[in-house]
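Engineer: With the sequence up front, the predicted model follows.
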Amino acid sequence: MELAIVILAAGKGTRMRSDLPKVAHPLAGKPMLGHVIDTARALSPGSICVVFGHGGDRVQREVPATDVIWAEQAEQLGTGHAVAQAMPHISEEVVLILYGDVPLIRAETLRDFVSRVQPDTLALMTLEMADPGAYGRIVRNAEGAVQAIVEYKDADATQKAIREINTGILACPRAFLDQALPKLSSNNAQGEYYLTDVIAMAVADGLTIDAVQPSFPWEVDGVNDRVQLARLERVYQQVQAEALMRDGVTVMDPARLDVRGNVRCGQDVVLDINTVLVGEVDIAARVTIGPNCLIRNARIGEGSHIEANSVVDGAVVGEDCHVGPFARLRPGTELAAGARVGNFVETKKTLIGPGSKVNHLTYLGDATLGRDVNVGAGTITCNYDGVNKFETHIGDNAFIGSNSSLVAPVSVGSGATVGAGSVVTKDVPEKELAVARSKQRNLSGWQRPSSTSQEASQKASQDAPAAGQPGDTSRQGEQ
């Protein structure tokens, strides 16, 4: 049977104390609603419909999704009313109802859950809790069959003692919902149209309720405030760390790893503390990532080492490279095999050839380096004139002396040398030496300033008469 998924995301989220709609708050760098939509996509449904309300325009900006139908709930009249707003957009046979503030539900759990739905059977996700709090209670008969869901505010003392609660996740035939939703009443403590009331209706119509519990309780945890959001963040990160470790990755401290995207790692990768992996990240075998590193939308080749406090952002690092510590590889940077980028080096749109070294205190932008180039400390490529960007090309085996400025557009030929302290504005031919700096002068007899000479200078200034005063001869001879 074809599946439609409805995601309820209309709540204001007052307890978040934020102008940002609750479902747009990020977990692992992505809005909570984004996690739910991604999970929904994994089920290959015929349609996904998100019911929005408070801050709907902003929700759609924060969670852009061209494959999602957006249905507005203009008035917040309860979950049953919210689902009713989605029904005109749905034609599939089975409807699965999820929630935008329950971000960690797993696709594996939902596949099994949805498979239980039949024309005469609804699937209801429940959970046994030691302290069920204010959740709706699952009421069963003497044979253990589910009969109804009672909201906490409408429950009596006996019902409040029940430990099995409703998670809100429901899957049922669309035909049943078409009949049941118009029959809902707001005659209850909250004056709302409860979706939970359809369970009693289904039982009255002779349908079976198949109650299923998730594999992990955190799958159905919802977020109402920032404390709960932070708690789920750590759950999510622990799950990611454990998955990486099972795949052969050493995570030095799972509590100090943040995964905020899709990460693929080879065997024997080592991730030290406070590693942050963002976006699409591919890390090949035997790579070591030092402490306090940010890797974003990057590929790192086998056997490479990223030292402490480095940023690899939108860059490609080849095999057996060495980066850092305190290096920053910006978007468009590519390191060929065996290249080295050292401490306090920044690169942007730069190709560094095999075996080339840029070890200290350097900026390279819009540059191409050949094989076995050595770039001395303090070198910069002057690639921007305030309006346009220009390129620098450095050939194989070239040597760039320390504290040099290469003013683009400029080329340094293969085997050429640039003397330290040079400002290079013209191309350097192959194997030639370029020295572009002022000539040194040594002045003999120069007296280094001292405290004694400074005091004498100050005294002379104090003793001299002011211009125009008696004793001032500076104006003699003026006509």
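Structural biologist: On my side now, so go ahead. Numbering: from 1, shown residues only.
Engineer: Just the C-alpha atoms of stretch 216-236, please, in CSV.
Structural biologist: C-alpha atoms of stretch 216-236 as CSV (Å, rounded to 0.1, in the frame of the first residue of the first chain):
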residue,chain,number,x,y,z
PHE,A,216,15.1,3.0,21.9
PRO,A,217,13.1,5.3,24.2
TRP,A,218,14.9,8.4,22.9
GLU,A,219,13.4,7.8,19.4
VAL,A,220,10.1,9.3,20.6
ASP,A,221,11.5,12.0,22.9
GLY,A,222,10.1,15.4,22.0
VAL,A,223,11.5,18.8,22.5
ASN,A,224,9.7,21.5,24.4
ASP,A,225,12.6,23.6,25.7
ARG,A,226,16.4,24.1,25.2
VAL,A,227,17.2,21.7,28.0
GLN,A,228,15.5,18.8,26.2
LEU,A,229,17.1,19.9,22.9
ALA,A,230,20.5,19.8,24.5
ARG,A,231,19.8,16.3,25.9
LEU,A,232,18.8,15.0,22.5
GLU,A,233,21.9,16.6,20.9
ARG,A,234,24.1,14.4,23.2
VAL,A,235,22.0,11.3,22.4
TYR,A,236,22.4,11.9,18.7
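Engineer: and it, which residues are buried?
Structural biologist: W218, E219, V220, D221, G222, V223, L229, L232, E233, V235, Y236 (16 or more other Cβ atoms under 10 Å). C-betas here are computed from N, CA, C, even on glycine.
Engineer: what does stretch 397-416 give?
Structural biologist: For stretch 397-416, by 16+ other Cβ under 10 Å, it's 397-408, 410-414, 416.
Engineer: The stretch 101-250 of the chain: helices as residue ranges?
Structural biologist: With helices called from DSSP state H, counting those that start in this stretch, the stretch 101-250 of the chain shows them at 107-115, 157-160, 174-180, 197-204, 226-246.
Engineer: Mind checking what helix or strand follows the last one in sequence?
Structural biologist: Read that as helix 226-246. Using DSSP states H and E, the next helix or strand after helix 226-246 towards the C-terminus is strand 250-251.
Engineer: what does the next helix or strand along the chain from that following strand rub up against?
Structural biologist: With elements assigned by DSSP H and E, the helix or strand that comes after strand 250-251 is strand 257-265. Residues from elsewhere that reach strand 257-265 (Cβ atoms under 8 Å, 6 or more residues apart in numbering): 28-30, 237, 240-241, 244, 247-249, 251, 271, 273-283, 287, 297.
Engineer: L43 reaches E2, doesn't it?
Structural biologist: No: L43 is not in contact with E2 according to Cβ atoms under 8 Å; the separation is 11.2 Å.
Engineer: Between those two, which has more neighbouring residues?
Structural biologist: Higher neighbour count among L43 and E2: L43, with 15 against 12, using other Cβ atoms under 10 Å.
Engineer: ok, the more buried one - contacts?
Structural biologist: Neighbours of L43 in contact, by Cβ under 8 Å, 6+ apart: L3, I5, L96, A107, L110, R111, V114.
Engineer: Now do the last one against G266, distance only.
Structural biologist: Between V114 and G266 the computed distance is 35 Å (Cβ to Cβ, to the nearest Å).
Engineer: Give the rounded mean pLDDT of stretch 56-70.
Structural biologist: Confidence for stretch 56-70, expressed as mean pLDDT, is 91.
Engineer: again, but for stretch 313-329
Structural biologist: 98.
Engineer: Endpoints of it, how far apart?
Structural biologist: 6 Å (Cα to Cα, to the nearest Å).
Engineer: Which residues belonging to that stretch are considered buried?
Structural biologist: 313, 315-329.
Engineer: Can you pull out the low-pLDDT segments for this structure?
Structural biologist: 452-479 (pLDDT under 70).
Engineer: on that earlier part again, of all the buried residues of stretch 313-329, which two lie farthest apart?
Structural biologist: The span of the buried residues of stretch 313-329, defined through Cβ to Cβ, is set by E319 and F326 at 22.6 Å.
Engineer: re earlier: of the buried residues of stretch 216-236, just say which sits nearest to I169.
Structural biologist: Distances from I169 to the buried residues of stretch 216-236, taken by Cβ to Cβ, are shortest for V220, at 6.7 Å.
Engineer: Tell me who's in contact with that closest one.
Structural biologist: So V220 contacts V102, I105, M125, L127, T167, G168, I169, P214 (Cβ under 8 Å, 6+ apart).
Engineer: still on that earlier bit, please pick the buried ones from the contacts of L43.
Structural biologist: Buried among these (16+ other Cβ under 10 Å): L3, I5, L96, L110, V114.
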